[in-house]
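# the following comprises the amino acid sequence and a computationally predicted model.
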There are 2 protein chains.
Amino acid sequence: MAITTNDLAKLCGVSRTTVVRALNNTGRINDATKQMILKTAKENGYKPDLLARSLAKGKTYTIGMVVLDSKNRYFAQMISAVSAEAEKLGYGVNINLHNNNPKKEMDKLKRMAAYKMDGIILSSINEGEEYRKFLEELGVPIVSVDNMIAEDIPFVDISQRKAMRAATERVLEAGYTRLVFVCPPIEGNRDENIYVHKKRLEGFEQAVAKRKVETTLLLDWDFGKAIETMEITNKTAFVCTSDELALDIMMQLRSRGLEAGRDYGLHGFDDIDTLQYISPRLNSVNNNVEMVAKEAIQLLFQLIEEKETDKRKRIIVPYELVDGDTL
Amino acid sequence: MAITTNDLAKLCGVSRTTVVRALNNTGRINDATKQMILKTAKENGYKPDLLARSLAKGKTYTIGMVVLDSKNRYFAQMISAVSAEAEKLGYGVNINLHNNNPKKEMDKLKRMAAYKMDGIILSSINEGEEYRKFLEELGVPIVSVDNMIAEDIPFVDISQRKAMRAATERVLEAGYTRLVFVCPPIEGNRDENIYVHKKRLEGFEQAVAKRKVETTLLLDWDFGKAIETMEITNKTAFVCTSDELALDIMMQLRSRGLEAGRDYGLHGFDDIDTLQYISPRLNSVNNNVEMVAKEAIQLLFQLIEEKETDKRKRIIVPYELVDGDTL
DNA sequence: ATGAAAGCGCTAACAG
DNA sequence: CTGTTAGCGCTTTCAT
């Protein structure tokens, strides 16, 4: 169906090599024949077969991206930012979703490796030594974001621990003495990246250590039930590992006539764009997706180009506390 | 680096064909040799080169998806739904963003065609006869969603016009007599799909035609300014072509002490998930992304498999009015 | 300046 | 049941 370099060669009465030289304007070639070839190529709607080219060159000029889900605000932003960055460098991006399914994640990665993606940006839900080995065997440069997989895997993120620690300290400074930490289940995940929540928990614990405050940990999707019967005072503050959790709590307590910032404290995480429509303005943490994306791409291209770069590279991008009216 | 069928053949002392037969368990083959080959394949970490296979077979078992941007709620859902559907059918999905850039959209499509994607789901910002020709020349089955490109291009969506008409009628039934239609600029787009907004405008106009109501059209990003000086009564209702617009207005008027549903009417469109956190609950229209995605994929696979199916296929999926407290 | 030939790794007849 | 051969469309080295 489609026209090939071979067809062009016949049409122009030259060899295939010459056609290629004209098309890629490489090497010495008579300008007249070159123009002639380009003209007939255009007339016949020649389009290179990128599969064939990639096979021959061993390079696709495409990077892959494997993330949880586009419905999640954070990843939506990440996808967008990574795409933009990669395009600046003349690369295509193929995005795949793993939907929090460890096996699916592996399948997607295998597929990308088998299609010879030049590099991969990965937000993984797997981790550990065994998984590191799996990734290594793929034979493709990989940069992970958001979830640290293992020591050796290049990694870009904010310091989740420090960010949560700072957030919690701000809550303490605001005078709250009964802190409730709300987090998805650390074990037996569902729709979240466990690593970041674990780190956030660490940060929380560091901040409250040695302070005379009462703390409760709600590490359960059923936190709503626990809150239902909880006594809320103006010394109570909920420190949440995501804005969605915080908003859920805000809704729930509002139905009891309680308002965040007035009757209790509330702190979120991620600074999702939804917040612009929510009042009162939620205190949160901006996790700097754009910069993470940019650094990740840059690191990935270093890995792709100079294969000699040492691994174990980790880039920590600054976070930012976002002021609101709920403390 | 990676091991090939050729290497395996040598390792096993058989021909390449035999290796292939073992790997793909096709044709008759001695079970002993088969097991032996599979074993050494596994031991040596053999992984098929999908580029080579695709080149040889002329099929990639991958579909492409080109949409505006993942940050937009609607597309985030669409991406997610399409991925899920395609995977059920054993296909991979490669997602690309065009960011509302017509040229970029074309580049992405060309690239996908050149990489021999088996089919493409497209939410286009281009349209018209010339573009139809461009798409046709790609030689890849395409189903468009969300924006009708031309008569001949298969298309799946809700009836934007009817949906907005129904929404407007509901506003009228609620007793509002001063309707303000708020919409992104129809000409000179920026971040929106013009087609759907055009259709929604049509629906609005149909609904108000022959009714004794005062209408104002705000087809401008600067609608905020216009609203600033506008006199708002409890007969005034804003009919918006997207929830974001409606929420912006809600915020703006709230700062003037006006509340939707009490002091004026407000109607959105899309029923984005953000709404669950917003009070009062916004009246909106659910545009049934999941079903659109499902139908689009099914249609696409029909096109891929039976090449004979007649074009000009258009599938209209039902919308649903979503009740809220802002009318 | 142009061409011939080998190869990327896999598939798919067609023989035997 | 197994092997031979040609080919997918492009790149690349080496001649001429």
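Ah, there it is. Numbers count the residues shown, from 1 in each chain, chains lettered A, B, ... in the order given.
# next secondary structure after the host helix or strand of A:E295?
Using DSSP states H and E, A:E295 sits in helix A:289-305. On the C-terminal side of helix A:289-305, the closest following helix or strand by DSSP H and E is strand A:314-317.
# what packs against whichever helix or strand comes after that following strand?
Downstream of strand A:314-317, the next assigned helix or strand under DSSP H and E is strand A:320-322. Applying 3 or more Cβ pairs under 8 Å, 6 or more residues apart in numbering or on different chains; DSSP states H and E, one finds that strand A:320-322 contacts helix A:160-173, strand A:284-286. C-betas here are computed from N, CA, C, even on glycine.
# what about stretch A:26-33, how long is it end to end?
The first and final residues of stretch A:26-33 sit 14 Å from each other (Cα to Cα, to the nearest Å).
# identify the residues contacting that stretch?
For stretch A:26-33, contacts defined as Cβ atoms under 8 Å, 6 or more residues apart in numbering or on different chains pick out A:C12, A:V14, A:T18, A:V20, A:R21, A:A22.
# give me the subset of these that lies in helices.
If you go by DSSP state H, these have A:C12, A:T18, A:V20, A:R21, A:A22 in helices.
# let's have those in CSV, adding neighbour count and pLDDT.
Putting the ones in helices among the contacts of stretch A:26-33 into CSV (neighbours: other Cβ atoms under 10 Å in any protein chain shown; pLDDT from 0 to 100) gives the following:
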residue, neighbour count, pLDDT
A:C12, 18, 88
A:T18, 20, 90
A:V20, 18, 84
A:R21, 19, 88
A:A22, 26, 90
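# so which of those residues is the closest to DNA strand D?
The shortest gap between DNA strand D and any of the ones in helices among the contacts of stretch A:26-33 belongs to A:V20, at 4.5 Å (Cβ to the nearest atom of the strand).
# is it true that the closest one touches A:T4?
No. Using Cβ atoms under 8 Å, A:V20 is not in contact with A:T4, being 11.0 Å away.
# quick check: residues of chain A near DNA strand D?
Where chain A comes near DNA strand D, counting by Cβ under 7 Å from any atom of the strand, the residues are A:2, A:4-6, A:16-17, A:20, A:23-24, A:46, A:48-49, A:52-53, A:55-57.
# in stretch A:318-327, what's buried?
Buried residues in stretch A:318-327, counted by 16 or more other Cβ atoms under 10 Å in any protein chain shown: A:Y319, A:L321, A:V322, A:G324, A:T326, A:L327.
# what about A:N100, which SS state?
Classification of A:N100 by DSSP: H, G, I helix; E, B strand; the rest coil places it in coil.
# okay, and the residue nearest to A:E136 when sequence neighbours are not counted sits in which element?
Once flanking residues are discounted, A:E136 sits nearest to A:D152: 7.9 Å by Cβ to Cβ, 6 or more residues apart in numbering or on different chains. If you go by DSSP H and E, A:D152 is not part of any helix or strand.
# from A:D69, how far out is A:D152?
Distance of A:D152 to A:D69, computed by Cβ to Cβ, to the nearest Å: 27 Å.
# please list which of the residues of chain A next to DNA strand D are also close to chain B.
Among those, the residues within reach of chain B (Cβ under 8 Å from any Cβ of the partner chain) are A:A2, A:P48, A:D49, A:A52, A:L55.
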